[in-house]
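# all I have is the shape, not the residue letters:
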């Protein structure tokens, strides 16, 4: 078995040809877990993903197109960063694209 913790899902080339064993290992551990290289959460459970997609009060789509790479333009501290997201959304790449917008 590979050491999937050591692999970089977003930048490593090891998973390009066959990512399915990696996905299986993720699902086998927990439906929501931190990705060790880029400070993001990996969500593999269907129910958990639906909950996140539908909970726009607690989760934002502002980085959905670019993922963790550009980062957020200011430190995101605290439990509620809604005001920060709205204040700095236009500084993020693709901020005018539909997948990065939050409701309404």
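Sure thing, it's come through. All values derive from a computational prediction rather than experimental measurement. Numbering: from 1, shown residues only.
# check contacts around residue 90.
Going by Cβ atoms under 8 Å, 6 or more residues apart in numbering, residue 90 touches residue 96. C-beta: built from backbone N, CA, C; applies to glycine.
# and it, which of the three is it?
helix (DSSP: H, G, I helix; E, B strand; the rest coil).
# relative to residue 73, how far out is it?
Counting by Cβ to Cβ, to the nearest Å, the separation of residue 90 from residue 73 is 10 Å.
# can you list residues touching both of those two?
Contact criterion Cβ under 8 Å, 6+ apart; residues shared by residue 90 and residue 73: none found.
# next one, pLDDT for residue 26 please.
You'll see residue 26 listed with a pLDDT of 91.
# I'd guess it is in a strand, am I close?
No: read with three-state DSSP, residue 26 is helix and lies in no strand.
# what ranges of this structure fall below the confidence cut-off?
Low-confidence segments of the chain (pLDDT under 70): 1.
# where along it do the strands fall?
Secondary structure of the chain, counting by DSSP state E: strands at 32-35, 40-43.
# need the winner for burial among those strands.
Across these, the average number of neighbours (mean count of other Cβ atoms under 10 Å) peaks for strand 40-43, which reaches a mean of 15.
# how far off centre is that one?
Relative to its parent chain, strand 40-43 has a centroid offset of 5 Å by Cα atoms, centre = their mean, to the nearest Å.
# sheet partners, orientation included, of it?
Strand partners for strand 40-43, identified by DSSP bridges, are recorded as strand 32-35 (antiparallel).
# what does the strand it pairs with contact?
Outside strand 32-35, the residues that touch it by Cβ under 8 Å, 6+ apart are 9, 10, 26, 40, 41, 42, 43, 44, 45, 48, 68.
# need the contact list for the first one.
This points to residue 9. By Cβ under 8 Å, 6+ apart, the contact list for residue 9 reads 15, 22, 35, 37, 42.
# gap between it and residue 71?
Counting by Cβ to Cβ - residue 9 and residue 71 are separated by 17 Å.
# how far does stretch 96-103 sit from its chain's centre?
Distance of stretch 96-103 from the chain centroid (Cα atoms, centre = their mean) equals 15 Å.
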